[in-house]
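> Have a look; sequence and predicted model below, questions after that.
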Amino acid sequence: MTSDDRQTVPSDPTRRLTPVVRIAPAKLNLTLSVIARRDDGYHSLHSVFAALGLADRLSLALAAGDVDTLHVSGFDPGLTADNLVHKAIAATRAAVGGAWSGGPGPAPALAVRLDKRIPIAAGLGGGSSDAASAIDGALEAWAAELDPEARLRVAAGVGSDVPFFLAGRVALVEGRGESVAPLDGLHGTPGVLLVTPAITVSTRDVFEAFDAIRTHGDGAVRLTSMHLAEELRAKLSTADLVARAGAMTVANDLLPAAMLVVPSLVAFRRSISRLLGRPVGLSGSGPTLWALYASEAEAAEAAELVRTALGDGRISAPGVTEPFVGATHIQTGHQQGSQP
Ligand code: C5P
């Protein structure tokens, strides 16, 4: 039985015994314009987000005890990706109150299994996506309802990128991250190469570096971001998106700040770009670098090229261990077989 089946057959008596499964995709920022620093210290953004095929997997089941538990496998199982899942479940429980199938007491503890396939603290939104999946999955496990506004409030309270993952696909994200407008005009299945050096970059540090060097974002970045959003709202083919990669890869106001925080990224980005002969962008505050391709198969060939060049020493990556190098695709509403 799939999670979709469960949603459509709510009276299934085995429902509570079967874990709820959620796929939590990574994201890429195709553009990221910082509009202004707000009084609360956050920054208002204009950013085109794209959900990717690369995804974590969450399963949530009602637990016997009183405490939510989390078991992480895959990428860095010891790391703190779990925090946002715990925070998301606690915030959802508080928002639901007694309004769940076994109420009026609080919703019961959950046992969560998280299979991490998205590199952590990479600018790919893995922790935020896990949190959005935890909100959605917890509601189903408890047979509880929250209206869309309440879900959005819970998501925004957990983290700035979490609201995007309630919607997924391709979207224009504005405000601190709470304003999410789907952009449904992208046709086809663009391939994406991801290269994540094994270095930790704090989003907060990058925004602080941004504030230290400028008061607002670059006008050209903002124009590119607005133009791309318009095109993706109307209709854009994969080939046309790939043709715009040169403009998109420099349309990230956090790029200079991230390069200040991690200077070794400058040379690494340049060497990857030279090797591939195409423009290379930074996702969010980094450190993940990306390049666009006409298909995932082409991105996979590029990934092989990068692995070989790392292996024979033609290029070297910052970080104590080898970088994550992977091929994936952008999730759109106009493709077939797009499930990760
Ligand atoms: O909301 P979240 O915890 O994901 O944000 C991490 C950090 O990134 C914040 O502490 C803030 O410094 C910065 N941030 C920001 N403006 C945003 C999103 C994040 O300044 N829109």
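Received the coordinates, thanks. Numbering: from 1, shown residues only.
> Just the local confidence number for Gly217, please.
Per-residue pLDDT puts Gly217 at 83.
> OK, contacts around it?
With contact set as C-beta atoms under 8 Å, 6 or more residues apart in numbering, Gly217 has these partners: Ser33, Val34, Ile35, Asp253. From N, CA and C alone the C-beta is placed, and that goes for glycine too.
> what secondary structure does the residue in the stretch 101-250 of the chain that the ligand sits nearest to sit in?
Closest contact between the stretch 101-250 of the chain and the ligand, by C-beta to the nearest ligand atom, is at Ser160 (3.4 Å). Three-state call for Ser160 (DSSP: H, G, I helix; E, B strand; the rest coil): coil.
> doesn't Arg176 make contact with it?
Yes. Using C-beta atoms under 8 Å, Ser160 is in contact with Arg176, at 5.2 Å.
> Give me the common contacts of those two.
Shared contacts of Ser160 and Arg176, defined by C-beta under 8 Å, 6+ apart, comprise Tyr42.
> and those two? which has more neighbours close in?
The residue with more neighbours, out of Ser160 and Arg176, is Ser160; 19 against 16, by other C-beta atoms under 10 Å.
> which strands and helices sit next to the longest strand anywhere in the chain?
In the chain, assigned by DSSP state E, the strand with the most residues is strand 43-62. For strand 43-62, the packing partners by 3 or more C-beta pairs under 8 Å, 6 or more residues apart in numbering; DSSP states H and E come out as strand 20-37, strand 110-116, helix 126-141, strand 170-175, strand 191-196, helix 219-233, strand 324-329.
> Determine the angle, from 0 to 180 degrees, between the fifth one and strand 324-329.
Pointing back at strand 191-196 there. Using axes from the mean of the first three to the mean of the last three C-alpha atoms, to 10 degrees, one finds that strand 191-196 and strand 324-329 are set 160 degrees apart in direction.
> Can you tell me which helices and strands whichever helix or strand comes after strand 191-196 packs against?
Once the chain leaves strand 191-196, the next helix or strand it forms, by DSSP states H and E, is helix 203-213. Helices and strands touching helix 203-213, by 3+ C-beta pairs under 8 Å, 6+ apart, are helix 255-261.
> and the helix it packs on, anywhere near the ligand?
No. If you take C-beta under 6 Å from any ligand atom as the test, helix 255-261 misses the ligand, and the best it gets is 11.0 Å.
> Residues of the stretch 151-300 of the chain that sit close to the ligand?
By the rule C-beta under 6 Å from any ligand atom, the part of the stretch 151-300 of the chain lying against the ligand is Gly159, Ser160, Asp161, Arg176, Gly177, Thr203, Arg204, Phe207.
> among these, who's most crowded?
Asp161 (28 neighbours).
> Hmm, that residue is touching Gly126, no?
No. Taking C-beta under 8 Å as the definition, Asp161 is not a contact partner of Gly126, at 9.9 Å.
> Does Arg307 belong to a helix, a strand or coil?
Following three-state DSSP, the label given to Arg307 is helix.
> which residues does the closest residue in space to it that isn't next to it in sequence bridge with?
The shortest distance from Arg307 to any non-neighbouring residue, by C-beta to C-beta, 6 or more residues apart in numbering, is to Val325 (5.4 Å). Beta bridges link Val325 to Val195, judged by DSSP bridges.
> For Val325, grab the count of nearby residues.
20.
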